[in-house]
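Undergrad: Return atomic coordinates for the entry below.
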Amino acid sequence: MKLSRTLIAAAIVAASSVATSAFAQAEQFFPLLSYRTGPYAPNGTPWANGKQDYLKMVNARDGGINGVKLTFEECETGYATDRGVECYERLKSRPGVALFDPQSTGITFALTEKAPNDKIALMTLGYGLSVSQDGMAFKWNFPLMGSYWTGADILIQDIAKSLGGADKLKGKKIALVYHDSPFGKEPIPLVQERAKMHGFDLTLLPVTAPGVEQKATWLQVRQLRPDYVMLWGWGVMNSTALKEAQATGYPREKMYGVWWAGAEPDVRDVGAGAKGYHALALNGSGMQSKVMQDIVKFVHDKGQGTGPKDEVGQVLYTRGAIIQMLSIEAVRKAQERFGKGKVMTPEQVRWGLENLSLDQKRLDALGFGGLMRPLQTTCADHMGSTWARVQTWDGAKWNIGETWYQADEAILKPMVKSGAAKYLADKKLQPRAAGDCNS
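TA: Alright, predicted model coming up:
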């Protein structure tokens, strides 16, 4: 009898050990598409580093998400759509996969048709398909915090403000210098709509990727003499544009870039030559936020940093951390419904993305106070926020304006609705039923 009790006790201990080990080994996997090579590497690298360091920090500081360890694997795309699709296909079946951040509008376009069949969400913070804000048409796409339509709208608002009102736009000449790719073409419908509303003349000037050769483009700018230039660039295209503007004498204070043309790599090599240049600020930056201080404390000071320590807090690094935070908060939200301390499936994470609710109190608790605005997604709205500010380069650093602009929903909503309807019709798809919002 005594032996029997001993064996039973040993069995209980063994079972407990197995259960504990299984819990400890539970892993939520985050595939990280990146581009650390090629002409876009200077911008893609800090973005990727911010995502990795945030994952490392949450593991080190919090032990993961309610006991679930976070793992990741990077896959180099070189910003090429075909390589991005290859990365997706290779990583999508990994155990515990959460979601994908394609890190490219072109890759997003390609994956948008694959995601519904695979039932894996795509987070495209500040990029991707503008019409995918409509969650009733795009169940698996989440352009959180803003799209190229919201960004273009805010830039037009800021230009109008500098003139003293939208009525002063009439008769002005605006040139859109854009990366000749899905990314660069995405804002065109919105700018055309604004031109029709306000009566300004719009000239479209495409730049062949990657954008190292722009002399012909800026010769056109010099001949056209537009009142303003909107720069829709990425990577080396941005610094090249600023250098060409300087060479041709175009005033940098009349240039306005998208939030992918407003980071340290875009202006560092130009320095004082870019003074006065404006760009959208989708997020704040700097070392004053608690999350950046925690990344230094729990990651870099332990010798675990992905990149250089002085990169922490820069614009794109911070954006990478925000993206990863939102990914993790989607998993956390899903756990509230489907099981705390469990690894979430991609479908469950999708539900978490659709039910995010980050008010100021929660952002402050996460250490992101001052870096972004509160965000709340719904079944119909997969963006959750349309706010941004405008920053100006003073020759040595970015100075962010105090005004938070919100995209004009009176313009955006009809465009999103009609654009989403056209997409569904072209693909012979049906919108989601209202009852699907609970799934």
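
Undergrad: P143: what's it in contact with?
TA: By CB atoms under 8 Å, 6 or more residues apart in numbering, P143 lies in contact with T124, L125, G126, Y127, G128, L129, S130, S132, Q133, H382, M383. All C-beta atoms are positioned from the backbone trio N, CA, C, and that covers glycine.

Undergrad: Does T203 lie in a helix or a strand, and which?
TA: strand 201-207 (DSSP states H and E).

Undergrad: Which of the contacts of P143 fall in helices?
TA: Among the contacts of P143, no residue falls in helices (DSSP state H).

Undergrad: Out of these, the closest to G303 would be?
TA: L125 (29.1 Å; CB to CB).

Undergrad: neighbours of the closest one, just the number please.
TA: Neighbours of L125 under the rule other CB atoms under 10 Å: 22.

Undergrad: Contacts only, for it.
TA: By CB under 8 Å, 6+ apart, the neighbours of L125 are D101, P143, L144, M145, G146, R319, I322, I323, L326.

Undergrad: what about 7 Å?
TA: L144, M145, I323, L326 (CB atoms under 7 Å, 6 or more residues apart in numbering).

Undergrad: And for K333?
TA: G352, N355, L356.

Undergrad: If we use 6 Å, what do you get?
TA: G352, N355 (CB atoms under 6 Å, 6 or more residues apart in numbering).

Undergrad: okay, now L190: neighbour count?
TA: Neighbour tally, L190, other CB under 10 Å: 24.

Undergrad: And E213, by the same measure?
TA: Counted with other CB under 10 Å, E213 comes out at 12.

Undergrad: where does it fall, helix, sheet strand or coil?
TA: The three-state label given to E213 by DSSP: H, G, I helix; E, B strand; the rest coil is coil.

Undergrad: Tell me the pLDDT of the nearest residue to N141 once chain neighbours are set aside.
TA: Using CB to CB, 6 or more residues apart in numbering and skipping the chain neighbours, the partner closest in space to N141 is S132 (3.7 Å). Per-residue pLDDT puts S132 at 98.

Undergrad: where does the stretch 101-250 of the chain have low pLDDT?
TA: Applying pLDDT under 70 to the stretch 101-250 of the chain flags no residue at all.

Undergrad: Do you have the strands of it handy? List them.
TA: With DSSP state E, counting those that start in this stretch, the ranges of strands along the stretch 101-250 of the chain come out as 122-123, 141-142, 173-179, 201-207, 228-232.

Undergrad: Rebuild the ones you listed as TSV, extending it with mean neighbour count and distance to G262.
TA: As requested, these are arranged in TSV below (neighbours: other CB atoms under 10 Å; distance: least, CB to CB, whole Å):
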stretch	mean neighbour count	distance to G262
strand 122-123	24	21
strand 141-142	27	22
strand 173-179	24	14
strand 201-207	17	17
strand 228-232	26	9
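
Undergrad: Ok, which of the ones you listed comes nearest K161?
TA: strand 228-232 (12.5 Å).

Undergrad: List the contacts of that closest one.
TA: 155, 159, 174-178, 184, 187, 241, 254-258, 261.

Undergrad: Kindly report the domain assignment for this protein.
TA: 27-146+289-376+417-438, 149-281+390-407 (automatic domain parsing).

Undergrad: quick check, distance from the shortest one to the centre of its chain.
TA: The one in question is domain 149-281+390-407. 19 Å (CA atoms, centre = their mean, to the nearest Å).

Undergrad: And stretch 78-92, by the same measure?
TA: 18 Å.

Undergrad: Same check on stretch 101-120?
TA: 14 Å.

Undergrad: okay, how far is it across that stretch, tip to tip?
TA: Distance across stretch 101-120, first residue to last, is 11 Å (CA to CA, to the nearest Å).

Undergrad: How about stretch 337-349?
TA: Taking CA to CA as the criterion, the two ends of stretch 337-349 lie 10 Å apart.

Undergrad: what sits up against it?
TA: Residues contacting stretch 337-349 (CB under 6 Å, 6+ apart): 26, 28, 66-68, 96-99, 119-120, 330-331, 334.

Undergrad: now, the most widely separated pair of these?
TA: G67 and K119 (25.1 Å).

Undergrad: quick one on the thing from earlier: neighbouring strands for the strand holding T203, and are they parallel or not?
TA: strand 173-179 (parallel) (DSSP bridges).

Undergrad: what does the partner strand contact?
TA: Against strand 173-179 from outside (CB under 6 Å, 6+ apart): 184, 191, 200-206, 226-234, 237.

Undergrad: Tell me what angle that strand forms with strand 228-232.
TA: Counting by axes from the mean of the first three to the mean of the last three CA atoms, to 10 degrees, strand 173-179 lies at 20 degrees to strand 228-232.

Undergrad: Just the C-alphas of strand 173-179, formatted as CSV.
TA: C-alpha atoms of strand 173-179 as CSV (Å, rounded to 0.1, in the frame of the first residue of the first chain):
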residue,chain,number,x,y,z
LYS,A,173,0.2,74.1,-58.5
ILE,A,174,1.0,70.9,-56.6
ALA,A,175,3.4,68.2,-57.9
LEU,A,176,3.3,64.7,-56.5
VAL,A,177,6.7,63.1,-56.9
TYR,A,178,6.1,59.4,-56.2
HIS,A,179,7.7,56.0,-56.2
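
Undergrad: Regarding stretch 134-149, how distant is the last residue from the first?
TA: 13 Å.

Undergrad: Name the residues of it that are buried.
TA: 134-149 (16 or more other CB atoms under 10 Å).

Undergrad: got it, and stretch 421-432?
TA: Applying 16+ other CB under 10 Å to stretch 421-432 flags Y423, L424, R432 as buried.

Undergrad: Closest to N438 out of those residues?
TA: R432 (11.0 Å).

Undergrad: That closest one against M136, yeah?
TA: Yes. Counting by CB atoms under 6 Å, R432 does reach M136; the two are 5.0 Å apart.

Undergrad: mind listing what V299 touches?
TA: Here V299 is in contact with D53, K56, M57, G305 (criterion: CB under 6 Å, 6+ apart).
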